[in-house]
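Peer 1: sequence? don't have it. structure:
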C-alpha cells in the first residue's frame, strides 16, 4: 500500500508505468523499422548456433607442441 500512496500524488505524465510503456513501444517500433536490416544478422546467428556442433566435430584436435616448433618460436629472442 505504500506504493499507492506514493503514486497517488504524482501527475499522470510522471508515472513510471507510462514511461516504461512508451520506452517499450518505442523500442518495438525501432525494431520493426530496422527489421529488413536486422533479419540477415538474426538468420546468421541462428545458423551459426545450429551448425556449431558440426564445425566442432569437423575440426581436428589440437596437436601437442613439439620441441622443434617451440624452438623456432623462441629462437629470435635467443639470438644475439
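Peer 2: Yep, that arrived. For clarity, every value in this text was computed on a predicted model and none was experimentally measured.
Peer 1: which residue ranges of this structure form helices?
Peer 2: For the chain, the helices defined by DSSP state H occupy 2-8, 16-33, 35-58, 67-78.
Peer 1: how far away is residue 62 from residue 51?
Peer 2: 21 Å (CB to CB, to the nearest Å). Every C-beta, even on glycine, is put in place using the N, C-alpha and C of the backbone.
Peer 1: please apply the same query to residue 44.
Peer 2: According to CB to CB, residue 44 stands 11 Å off from residue 51.
Peer 1: tell me the pLDDT at residue 68?
Peer 2: Model confidence at residue 68, given as pLDDT, is 59.
Peer 1: whoops, I mixed them up, residue 80
Peer 2: 54.
Peer 1: same check, this time on residue 39
Peer 2: 95.
Peer 1: okay, now it: neighbour count?
Peer 2: When neighbours are defined as other CB atoms under 10 Å, residue 39 has 10 of them.
Peer 1: now do residue 57
Peer 2: By the criterion of other CB under 10 Å, residue 57 has 7 neighbours.
Peer 1: residue 15 too?
Peer 2: Look at residue 15: counted by other CB under 10 Å, it has 12 neighbours.
Peer 1: ok, now how distant is it from residue 27?
Peer 2: For residue 15 relative to residue 27 (CB to CB), the value is 19 Å.
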